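Student: Let me see the structure of the following:
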Amino acid sequence: MRRDGRVDANQSDIVKKLRELGASVLILSPLGNGCPDLLIGWKDTVNLLVEVKNLEGRGAKLTPDEQLFFNHWRGPVEVVTCFEDILALLEAVR
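Tutor: Next up, the predicted model:
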């Protein structure tokens, strides 16, 4: 059964700032089923799968569906809680 993805409150701000930096951002959160929230294209060379978590409310804990996705995906998936986390990821791939 498909479970719609929830959007954390900080996601729209992160997406806006990423686009201002020149990144491509595909919002995947509507897919649900544990799929990460964002696919980020950076500098025409890197794609990042990112799960956005908000430290308020449920916190940074992965849902069971998200944990299952993380366990079975054969590539990197990162968890971020703020734009500074994204900047650190982007710096690491330069």
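
Student: alpha carbons only for contacts and neighbour counts from here, please
Tutor: OK.

Student: Strands of the protein, residue ranges please.
Tutor: Here the chain has its strands, by DSSP state E, at 24-27, 38-42, 46-52, 77-80.

Student: would a markdown table of the ones you listed with mean pLDDT be doable?
Tutor: Below are the strands of the chain laid out as a markdown table (pLDDT from 0 to 100):
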| stretch | mean pLDDT |
| --- | --- |
| strand 24-27 | 97 |
| strand 38-42 | 97 |
| strand 46-52 | 95 |
| strand 77-80 | 95 |
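
Student: Let's have the ones you listed in TSV, adding distance to Lys16 and mean neighbour count.
Tutor: What follows is the strands of the chain, written out as TSV (distance: least, CA to CA, whole Å; neighbours: other CA atoms under 10 Å):
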stretch	distance to Lys16	mean neighbour count
strand 24-27	9	16
strand 38-42	12	19
strand 46-52	14	19
strand 77-80	15	18
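
Student: Can you tell me which of these is nearest to Asp13?
Tutor: Nearest to Asp13, of all the strands of the chain, is strand 46-52, at 11.0 Å by CA to CA.

Student: what's the closest one in contact with?
Tutor: Strand 46-52 has contacts (CA atoms under 8 Å, 6 or more residues apart in numbering) with 8, 10-11, 36-41, 76-82, 93.

Student: before we move on, the earlier item: include distance to Leu62 when you put the strands of the chain into a markdown table, please.
Tutor: Output for these, formatted as a markdown table (distance: least, CA to CA, whole Å):
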| stretch | distance to Leu62 |
| --- | --- |
| strand 24-27 | 18 |
| strand 38-42 | 15 |
| strand 46-52 | 9 |
| strand 77-80 | 9 |
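
Student: Low-confidence ranges, the chain, go.
Tutor: Residues of the chain that meet the criterion pLDDT under 70 lie in 1-6, 57-59, 94.

Student: same thing but 90
Tutor: 1-10, 32, 54-61, 93-94 (pLDDT under 90).

Student: returning to that earlier point: so which of the strands of the chain gets nearest Val15?
Tutor: strand 24-27 (6.8 Å).
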